[in-house]
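*Asks:* what follows is a predicted structure for the sequence shown.
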Amino acid sequence: MKILEVYKDVHPFVSGGIERYIHDLSAFLSSRGHSVTVLVARGPVMDTAEVSGFRVKTYPCHGRILSNPVSPGLGATMADENADVVHFHLPLPSAVMARFWSGGGPYVVTYHSDIVRQALFLPIYGPFLRRFLARAFRVLATSPVYAETSPFLRKLNNVTPVPIGTDLRKFHPSADIPEYGYALFVGRFRSYKGIDVLLEAWRRIPEEPLVMAGGGPLAEKIEKTASRHSLNIRIMQDPDDDELVKLYQGARCLVLPSTRRSEAYGMVQTEAMACGVPVISTDIPTGVPWVNRNGISGIVVAPGDPDALAAAVADLRDPAMRHRLGQGALDRAVRHFDSGMLFSRVEEILTAAESG
């Protein structure tokens, strides 16, 4: 089957949860014998590359508005691929609009998140998005919670929750589980991740070691705040896969203090859980607290509450609690978030779409 995956970026060219998911899914589908091409926006010139057994093709992009590519030729590029089935990853307004002008065969949508940054365009874009989703063979929500709470999903009858998983062969516990370790944050340093709340929490526990792995626009602010208040924070810029696994394995807990609906799932939670690491996350109305179950795989606190966040970190100094929640995290990862099992579900849906 010839499969076309459509988004704006893909790992390893860009780091991020959606980009990683598309890479891993495409590698899986390719290993199953499918011909997979991933379309990404990488400048005005079209180019191709081979990555992990699948093809990455750039489509013409003349800049970005609120992170959405400006790509007048995207519809023609999609049509030229002549795919058996197209798999769109949203939010990506430019791809939705391009589909209306280009037409084509069957398509499936993975709905990663509602429109947040481009919300001011929703009065115009919203009706197109609703029709686009309604006409899809299947819309895959990353969690049952998001399927129920998204205003664009909850009234559809073609939605199927398929969570984002983790490669359990790569992410797994270390034989040496640290008794203390450090708290770990993994992700882009952006405001919706609750960076301000995290820094404020660490002012209450300044001696607590925190490793922040990633990068982004708030890196300089983090460094200045840590220096000004003598916070025990170390930044690791964009670690590679091997470094990331070791960071998880050495952590006492993962901290995900997100405050907005932009954090629809929190893929880093499943990676930490697969390594036997409990998660501290927030009770935002998305898939985040569905992935991390309070008292089972970690601790869930109110968003925007630095006191509760600092208290949860302190609670996990207790080796017995850390062990219990770490084991619960691992059990939940194995049972619910094995990427091979979940990718097989996506493959079944793409195959059904292709056959009509």
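*Replies:* Received it, and whenever you're ready, just let me know what you need.

*Asks:* what pLDDT does residue 178 get?
*Replies:* On pLDDT, residue 178 comes in at 61.

*Asks:* can you give me the helices in the stretch 201-350 of the chain?
*Replies:* For the stretch 201-350 of the chain, the helices defined by DSSP state H, counting those that start in this stretch cover 219-228, 241-249, 267-274, 288-291, 306-315, 319-336, 339-355.

*Asks:* of all the ones you listed, which one is nearest residue 111?
*Replies:* helix 339-355 (12.9 Å; CB to CB). No exception for glycine: its C-beta is placed from N, CA and C like everyone else's.

*Asks:* so residue 183 makes contact with residue 211?
*Replies:* Yes. Contact criterion CB atoms under 8 Å: residue 183 and residue 211 qualify, at 7.4 Å.

*Asks:* what's the closest non-adjacent residue to residue 204?
*Replies:* residue 310 (4.1 Å; CB to CB, 6 or more residues apart in numbering).

*Asks:* just list the residues touching that neighbour, thanks.
*Replies:* Each residue near residue 310 by CB atoms under 8 Å, 6 or more residues apart in numbering is listed here: 201, 202, 204, 205.

*Asks:* how near is the second one to residue 251?
*Replies:* Okay, so that is residue 202. Separation of residue 202 from residue 251 (CB to CB, to the nearest Å) stands at 15 Å.

*Asks:* please apply the same query to the last one.
*Replies:* Distance from residue 205 to residue 251, counting by CB to CB: 16 Å.

*Asks:* okay, those two: which has more neighbours?
*Replies:* Neighbour count, other CB atoms under 10 Å: between residue 205 and residue 251, residue 251 has more, with 26 against 19.

*Asks:* just the pLDDT for the more buried one.
*Replies:* 96.

*Asks:* quick one, helices of the stretch 1-150 of the chain?
*Replies:* 17-31, 74-81, 93-102, 122-135, 144-149.

*Asks:* would you turn those into JSON lines with distance to residue 292, mean neighbour count and mean pLDDT?
*Replies:* Listed next are these as JSON lines, based on distance: least, CB to CB, whole Å; neighbours: other CB atoms under 10 Å; pLDDT from 0 to 100:
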{"stretch": "helix 17-31", "distance to residue 292": "15", "mean neighbour count": "22", "mean pLDDT": "96"}
{"stretch": "helix 74-81", "distance to residue 292": "36", "mean neighbour count": "18", "mean pLDDT": "90"}
{"stretch": "helix 93-102", "distance to residue 292": "30", "mean neighbour count": "19", "mean pLDDT": "88"}
{"stretch": "helix 122-135", "distance to residue 292": "27", "mean neighbour count": "15", "mean pLDDT": "90"}
{"stretch": "helix 144-149", "distance to residue 292": "12", "mean neighbour count": "18", "mean pLDDT": "95"}
